[in-house]
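Student: Can you look at this prediction? I've put the sequence above it.
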Amino acid sequence: MFKSRCKTEGAPNPRRAFEMKQYAAAGPNIPLQKDWSETWCTLPQPFDTVLGEVLNYEVRPDDVFIVTFIKCGTTWMQETAWLLLNNLDFAKSKELPQTQRSPFLDFHGIVTTAPNVVEYSKTLTSPRLLKTHMPANLVPRQIWQQKTKVIYVARNCKDVVVSSYHFAKNLRLWAGDNIEDFVTDFLNDEILYCNYWSHIVDFWKMRNEEHIFFVTYEEMKRNLGGVVQRLCDFLGRPQLSEEELQKTLDHLSFNKMKDNDKANITTVLKQHITTANDDFQFMRRGIVGSFKDELTPELQAKIDNWSRDFLAKHGLTEEDIFGKL
Ligand SMILES: Nc1ncnc2c1ncn2[C@@H]1O[C@H](COP(=O)(O)OS(=O)(=O)O)[C@@H](OP(=O)(O)O)[C@H]1O
């Protein structure tokens with residue numbers, strides 16, 4: 001059912017920390033919409049099984065999915081949406097780790113020693129809030145059949161490159177040692193879940209569909225209060241009072257989430273990814289534009305050219321999606 005293709009067959013990239021495959025959805029049972037890109041998704045080998053589990057996942061009518069490319073603000077949005085779906089239960093949010101409140105369906109594909117999250121998620125009461133990094137053509141197919149609610153968070157490419165570089169390097173999920181090589185691998189789709197743009201553009205095209213909530217990390221930084229109230233409408237929840245909103249924004253601030261070990265997933269990641277460096281921090285800078293002081297002008301231009309070429313084919317520019325950076 002799955003076609004795997006490997007551009008680098010016969011010449012494996014020495015910077016790959018583990019064997020990766022590039023998967024493309026294939027076969028008559030997979031509802032590949034006409035205008036979705038058919039770009040592959042780069043995943044570790046154990047996804048041969050996990051992909052099937054995720055694609056065939058049994059979706060409940062009131063499930064809410066958070067779908068993102070990596071490092072786009074997933075965890076921040078999970079904390080936000082979980083609170084709204086659970087009547088602002090701050091006490092429970094501080095008791096239970098986020099990974100238990102809002103499981104990451106594909107986690108055991110990346111970390112084979114992690115528990116089977118697909119199985120765990122079946123034990124949760126509804127409404128469930130589920131996370132996946134799969135692209136549109138590889139998320140549970142019932143999402144498209146049932147028009148299940150999807151919250152999609154996108155983040156500008158250069159900040160994603162920087163954030164994923166620190167993440168992959170410090171967890172030793174990538175075996176190179178400098179950001180120049182990482183940029184090369186990212187642009188060649190050698191990094192987990194790449195290709196970046198096809199992931200984002202597919203959902204951008206669906207952003208006006210009723211069951212899709214498309215938002216950017218940049219908008220969350222600019223006006224989280226506005227995003228929260230808009231999300232209340234999407235989730236069918238009442239708007240928050242001024243007092244509730246302020247309490248929610250305080251809980252969701254970078255510093256509060258960083259100090260909250262039930263929302264900051266540093267410890268969980270270190271527990272499962274045993275190769276992690278001691279000083280690995282999941283909550284790193286949490287800003288828009290960290291690329292400005294972490295990427296040379298040459299690397300920025302290299303990424304911009306690559307982005308421009310991809311987006312031109314779709315009649316888009318990066319500014320259409322993210323505004324001025
Ligand atoms: N509350 C809050 N405010 C602002 N920014 C936040 C917040 N929580 C997480 N973050 C930042 O989001 C980045 C991690 O993205 P993800 O959660 O998508 O990572 S993952 O792919 O699910 O591992 C990562 O970005 P960088 O700091 O740029 O690395 C986190 O710091």
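Tutor: Yes, it's here.
Student: mind listing what the closest residue to residue 156 other than its chain neighbours touches?
Tutor: With CB to CB, 6 or more residues apart in numbering as the criterion, residue 156 has its nearest non-adjacent residue at 4.7 Å, and that residue is residue 322. All C-beta spots, glycine's among them, are computed from the backbone N, C-alpha and C. Each residue near residue 322 by CB atoms under 8 Å, 6 or more residues apart in numbering is listed here: 154-156, 216, 218.
Student: Apply 10 Å and report the result again.
Tutor: 154-157, 159, 200, 216-219, 288 (CB atoms under 10 Å, 6 or more residues apart in numbering).
Student: Need phi/psi at it.
Tutor: phi -110, psi -10 (degrees, to the nearest 10).
Student: repeat for residue 273
Tutor: Residue torsions, per degrees, to the nearest 10, at residue 273 are phi -100, psi 90.
Student: quick one: residue 211 from residue 84, how far?
Tutor: When distance is defined by CB to CB, to the nearest Å, residue 211 is 16 Å away from residue 84.
Student: who has more neighbours, the two?
Tutor: residue 84 (21 against 15; other CB atoms under 10 Å).
Student: secondary structure class for the more buried one?
Tutor: Recorded secondary structure, residue 84: helix (DSSP: H, G, I helix; E, B strand; the rest coil).
Student: how close does it sit to the ligand?
Tutor: Separation of residue 84 from the ligand (CB to the nearest ligand atom, to the nearest Å) stands at 15 Å.
Student: tell me which residues in stretch 241-259 are buried?
Tutor: Residues 245, 248, 251-252, 257-258 are the ones in stretch 241-259 that count as buried (16 or more other CB atoms under 10 Å).
Student: typed the wrong thing, it's stretch 290-309
Tutor: 290-291, 294-295, 299-300, 302-303, 306-307.
Student: OK, now which residue of the stretch 101-250 of the chain is nearest to the ligand?
Tutor: Of all residues in the stretch 101-250 of the chain, residue 163 sits closest to the ligand, at 3.4 Å by CB to the nearest ligand atom.
Student: My read is that that residue contacts residue 74, right?
Tutor: No - Residue 163 is beyond contact range of residue 74, at 11.1 Å (criterion: CB atoms under 10 Å).
Student: which residues does residue 273 contact?
Tutor: Residues in contact with residue 273 (CB under 10 Å, 6+ apart) are 110-111, 113-114, 170-173, 280.
Student: do residue 195 as well
Tutor: 22, 37, 39-42, 69, 135, 186-189, 201, 310.
Student: Check residue 17 too.
Tutor: 44, 168-169, 171-176, 192, 275.
Student: let's see 8 Å
Tutor: If you count contacts by CB under 8 Å, 6+ apart, then residue 17 has 168, 172-175, 275 around it.
Student: What parts of the stretch 151-300 of the chain come near the ligand?
Tutor: 159, 163, 166, 252, 254, 257, 283-286, 290 (CB under 6 Å from any ligand atom).
Student: In this protein, where is pLDDT below threshold?
Tutor: Residues of the chain meeting the criterion pLDDT under 70: 1-11, 24-39.
Student: max-length helix in the protein?
Tutor: helix 297-312 (DSSP state H).
Student: C-alpha coordinates for that helix, CSV please?
Tutor: This file holds the C-alpha atoms of helix 297-312, laid out as CSV (Å, rounded to 0.1, in the frame of the first residue of the first chain):
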residue,chain,number,x,y,z
PRO,A,297,22.9,36.2,5.1
GLU,A,298,24.1,33.5,2.7
LEU,A,299,22.2,30.7,4.4
GLN,A,300,19.1,32.9,4.7
ALA,A,301,19.3,33.7,0.9
LYS,A,302,19.8,30.0,0.1
ILE,A,303,16.6,29.1,2.0
ASP,A,304,14.7,32.1,0.6
ASN,A,305,15.6,31.1,-3.0
TRP,A,306,14.5,27.5,-2.4
SER,A,307,11.2,28.7,-0.8
ARG,A,308,10.6,31.2,-3.6
ASP,A,309,11.0,28.4,-6.3
PHE,A,310,8.6,26.1,-4.5
LEU,A,311,6.0,28.7,-3.7
ALA,A,312,6.1,30.3,-7.2
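Student: Identify the bridge partners of the most centrally placed residue in the chain.
Tutor: Nearest to the geometric centre of the chain sits residue 68, at 2.9 Å (CA atoms, centre = their mean). Assessed by DSSP bridges, residue 68 has beta-bridge partners residue 153.
Student: List the contacts of it.
Tutor: When the contact criterion is CB under 8 Å, 6+ apart, the partners of residue 68 are 74, 77, 131, 133, 152-154.
Student: Likewise for residue 153?
Tutor: 66, 68, 72-74, 76-77, 215-217, 220.
Student: Tell me which entries of these lie within helices.
Tutor: Per DSSP H, the contacts of residue 153 map to helices at 74, 76-77, 217, 220.
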